[in-house]
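K.L.:
Predicted model, plus sequence, below.
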Amino acid sequence: MTDIYEEISKLSDKFRTMAFGLTTDENEVNESVQELMLYFLSMNQETLKAIYDKDGIDGVTRYGAVALRRALTSPRSNYYYKYKKYYDHIDSFTSKVTYNDMDITNQYVNKHLYNLPNELSDDYVWTSLEKIDVALDGFTWYDKKVFELYYYEGNTLDSLASKTGISRNSLFTTIDKVRVQLKYKLNE
């Protein structure tokens, strides 16, 4: 498998060229190719080996080209959820805004991601977390612990289910219930 991964790593320039055919943003190209390399590493090894054994490095290249095109064009891809959706929302601060046929773009240029001070966002995050912690004290120990294990420790539902022995559906129901109640309590 190491030989296959070495061959795939040599294809990064080829994948970058393919990505430039789909987008002109260099950051998108770099992030999508990096995401593709992570995809190859996390993919089922037997499937990757079968593709390599059947068609060689050309088959892996074609497979990667399809995965790269889907990542850059599909709103359901991992790349879209990790990068594009988030940054498109943030960049909407700098979009051109008109109000009563007046162009007021200059008033919104200062709200770009790179112009926001870090001190404000860090302080805001800690204040929000403190509010959540205080609100969680009103829940049962089970609800509070499941919520903390999921959000604070970064577990997935599957990993949490395997660690605790509680069904995935039960965990989802509990986490969703706590999340809805927290939104209600914190918006009062």
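P.N.:
Happy to help now that I have it. Numbering: from 1, shown residues only.
K.L.:
so where do the helices sit in this structure?
P.N.:
Counting by DSSP state H, the segments of the chain that form helices are 2-9, 12-20, 26-42, 45-73, 78-79, 85-91, 105-108, 118-136, 141-147, 157-164, 168-186.
K.L.:
Select from these the stretch with the lowest mean pLDDT.
P.N.:
Note on the helices of the chain: lowest mean pLDDT is at helix 105-108, with a mean of 44.
K.L.:
From the rest of the structure, what touches stretch 7-21?
P.N.:
Residues from elsewhere that reach stretch 7-21, judged by Cβ atoms under 8 Å, 6 or more residues apart in numbering: 28-30, 32-33, 36-37, 40, 52, 57, 60-61, 64-65, 68-69, 72. Just so you know, the C-beta spots here come from the backbone N, C-alpha and C atoms, and that holds for glycine as well.
K.L.:
again, but for stretch 33-46
P.N.:
By Cβ under 8 Å, 6+ apart, stretch 33-46 touches 1, 5, 8-9, 12, 15-16, 19, 48, 60, 64, 67-68, 71, 78-79, 82-83.
K.L.:
The same query, at a cut-off of 6 Å, please.
P.N.:
With Cβ atoms under 6 Å, 6 or more residues apart in numbering as the contact definition, stretch 33-46 has outside contacts at 1, 8, 12, 15-16, 19, 64, 67-68, 79.
K.L.:
among the helices of the chain, which is the most enclosed?
P.N.:
With neighbours defined as mean count of other Cβ atoms under 10 Å, these peak in mean count at helix 78-79, which reaches a mean of 18.
K.L.:
Adding distance to Leu149 as columns, could you present the contacts of stretch 33-46 in TSV?
P.N.:
Output for those, formatted as TSV (distance: Cβ to Cβ, whole Å):
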residue	distance to Leu149
Met1	33
Ile8	35
Ser12	37
Phe15	37
Arg16	39
Ala19	37
Gly64	36
Ala67	32
Leu68	35
Tyr79	28
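K.L.:
I am finished for the moment; much appreciated.
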